[in-house]
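Visitor: here is my input, please return the structure:
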Amino acid sequence: MVIIDFKLDDALYKKAENFSNFRERCKKYLSEAGKNWDKFTIVKHDSIIGYLTEYAFSKALERKFPDIKVSSWEKQFDIPSIIEIVDNNIHTEKNHDLVVEYFYDKWDLKLERNDQIVYCDVKTALTKKEPRNNWNFLYPVVQANKLGKDLATLVYYIVGDLKDLRSFKQLILVGFTDYDKITNCKVIKAGEKTRFGTISQIDNYITELGRDYSLDFDKLFKN
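Guide: Here you go, the predicted model:
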């Protein structure tokens, strides 16, 4: 595990809040269209810390590997047009399809080097404690079996107060893993108790930090 060099400032946090609020408006729009199938954003802070982590991880990759081009899922879309559709409640089949395509992203980051492309899902977990190798991270079964992603990256967003995302301390990069490894892990079913006594909301693969994730970034690309 390594610390990602990242400083949280007011301007960036505001962007993360705006992103989170936009996602909530998209969910409302899709609900009205009968197309809200979101099963994963259970708490609002997921979008905020996800935005911040993707930003920090992207910058860290660009610093470490200047020959890698990093781009986000969002960069593919005309976001001002989607905002206009959602905020003005413009319901047409074409608009529904556009918002659905944007909202249900197939991957988070696209990494390009020479003629190779790797599609990455960035997972972020919130904690007050420094992660340990024997910790588990629960990866949604439905997401792990979706096509279009090559690997998953896990980052912990560490705070002093779980109720205050601005009490940020540091980002810890656990590493990355591929989906063959994830789908060979044990499954905890929805409704079952986790090792900490909480209830799993959906079916999840039980990944272990020290066993299932790697920091050997030279293996991100085959060549």
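
Visitor: who's Tyr205 bridged to?
Guide: Tyr139, Val187 (DSSP bridges).

Visitor: dump the residue contacts of Lys122.
Guide: One thing to correct before we go on: residue 122 is Val, not Lys. Gly50, Thr53, Glu54, Phe57, Asp108, Leu109, Ala152, Thr153, Val155 (Cβ atoms under 8 Å, 6 or more residues apart in numbering). For glycine as for every other residue, the C-beta is placed from the backbone atoms N, C-alpha and C.

Visitor: try Leu109
Guide: Leu109 is in contact with Glu54, Phe57, Ser58, Val70, Ser71, Ser72, Trp73, Tyr119, Cys120, Val122, counting by Cβ under 8 Å, 6+ apart.

Visitor: equivalent analysis for Tyr156, please.
Guide: Thr124, Ala125, Leu126, Thr127, Pro131, Leu171, Ile172, Val174.

Visitor: what about Cys185, distance to Phe77?
Guide: 33 Å (Cβ to Cβ, to the nearest Å).

Visitor: more crowded one of these two?
Guide: Each of Cys185 and Phe77 has its neighbours counted (other Cβ atoms under 10 Å); Cys185 has more, 21 against 15.

Visitor: looking at this, the more buried one is in a helix?
Guide: No - assigned with DSSP: H, G, I helix; E, B strand; the rest coil, Cys185 falls outside any helix and is coil.

Visitor: who are the contact partners of it?
Guide: Counted by Cβ under 8 Å, 6+ apart, Cys185 has contacts Tyr139, Tyr205, Ile206, Thr207, Glu208, Asp212.

Visitor: same check, this time on Phe57
Guide: With Cβ under 8 Å, 6+ apart, Phe57 has these contacts: Ile4, Leu109, Val122, Thr153, Val155, Leu171, Leu173.

Visitor: before we move on, what about Val141?
Guide: Val141 neighbours (Cβ under 8 Å, 6+ apart): Val187, Ile202, Asp203, Asn204, Tyr205.

Visitor: apply 10 Å and report the result again.
Guide: Ile182, Thr183, Cys185, Val187, Ile188, Lys189, Ala190, Ile202, Asp203, Asn204, Tyr205 (Cβ atoms under 10 Å, 6 or more residues apart in numbering).

Visitor: now Tyr119
Guide: Trp73, Lys106, Trp107, Asp108, Leu109, Lys110, Leu111, Leu147, Gly148, Lys149, Asp150, Leu151.

Visitor: identify the bridge partners of the fifth one.
Guide: This means Leu109. Applying DSSP bridges, one finds that Leu109 bridges with Ser72, Cys120.

Visitor: equivalent analysis for the last one, please.
Guide: Beta-bridge partners for Leu151, by DSSP bridges, are Cys120, Asp178.

Visitor: list the buried ones in the helix or strand harbouring Asp46?
Guide: For Asp46, the host element (DSSP states H and E) is helix 45-64. Under the neighbour-count criterion of 16 or more other Cβ atoms under 10 Å, helix 45-64 has 45-58, 60-61 buried.

Visitor: now the helices for the chain?
Guide: When assigned using DSSP state H, the helices of the chain occupy the ranges 10-32, 45-64, 79-87, 93-103, 141-144, 179-182, 209-212.

Visitor: next, the buried residues of the helix or strand of the chain with the lowest mean pLDDT.
Guide: Least confident helix or strand, the chain: helix 141-144 with a mean of 84, by mean pLDDT, DSSP states H and E. Neighbour-count burial for helix 141-144, counted by 16+ other Cβ under 10 Å, picks out Val141, Gln143, Ala144.
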